[in-house]
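**Student:** What follows is a predicted protein model with its sequence.
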Amino acid sequence: MSAAKFFAGFIVGGAIGAIAGILLAPKSGEETRALIADSAKDVARRADETVKEIQSKADDVVADMQKKGDEIREKLQNLLDKKNEEPVS
């Protein structure tokens, strides 16, 4: 299971649980709407943080892969250069 799916499930599950708890609590309609609005803002904030965290990790992985690719390309070029410098028998 990927981290993104896990976090998405975690956020959705938390939102559903929070909304169910609010709707079942004995409060007035105005208080319930305020709680739902606050919960929605909190879920949106956490989702945004999670997306930023995943994006940051993805950027790090891409940068690392690019660096390793450049290193491999340089090594291959050095090997080719050495091969081309060898005298032909």
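**Tutor:** Yep, it's here. Numbers count the residues shown, from 1 in each chain.

**Student:** distance of Ser2 from Arg73?
**Tutor:** To Arg73, Ser2 is 29 Å away according to Cβ to Cβ, to the nearest Å. Backbone N, C-alpha and C define where each C-beta goes, glycine included.

**Student:** Spatially central residue in this structure, please.
**Tutor:** Nearest to the geometric centre of the chain sits Ile54, at 1.8 Å (Cα atoms, centre = their mean).

**Student:** quick one: contacts for that residue?
**Tutor:** When contacts are counted by Cβ atoms under 8 Å, 6 or more residues apart in numbering, Ile54 touches 3-4, 7.

**Student:** Which single one of these is nearest to Pro87?
**Tutor:** Ala3 (53.9 Å; Cβ to Cβ).

**Student:** burial count for the closest one?
**Tutor:** Using other Cβ atoms under 10 Å, Ala3 is surrounded by 11 other residues.

**Student:** Ala18 now?
**Tutor:** 17.

**Student:** Over to the one 5 residues further on?
**Tutor:** Summarising burial for Leu23: neighbours were counted as other Cβ under 10 Å, giving 11.

**Student:** Confirm for me that it is in contact with Thr32.
**Tutor:** Yes - the criterion here is Cβ atoms under 8 Å, and Leu23 meets it with Thr32 at 6.9 Å.

**Student:** ok, Ala44 to Ala15 distance?
**Tutor:** Distance of Ala44 to Ala15, computed by Cβ to Cβ: 9 Å.

**Student:** So between the two, which is more surrounded?
**Tutor:** Ranked by neighbour count (other Cβ under 10 Å), Ala44 and Ala15 place Ala15 first, with 17 against 12.

**Student:** I'd assumed Ser39 was in contact with the more buried one.
**Tutor:** Yes - the criterion here is Cβ under 8 Å, and Ala15 meets it with Ser39 at 7.0 Å.

**Student:** pLDDT weak spots in this structure?
**Tutor:** Residue ranges of the chain with pLDDT under 70: 1, 22, 88-89.
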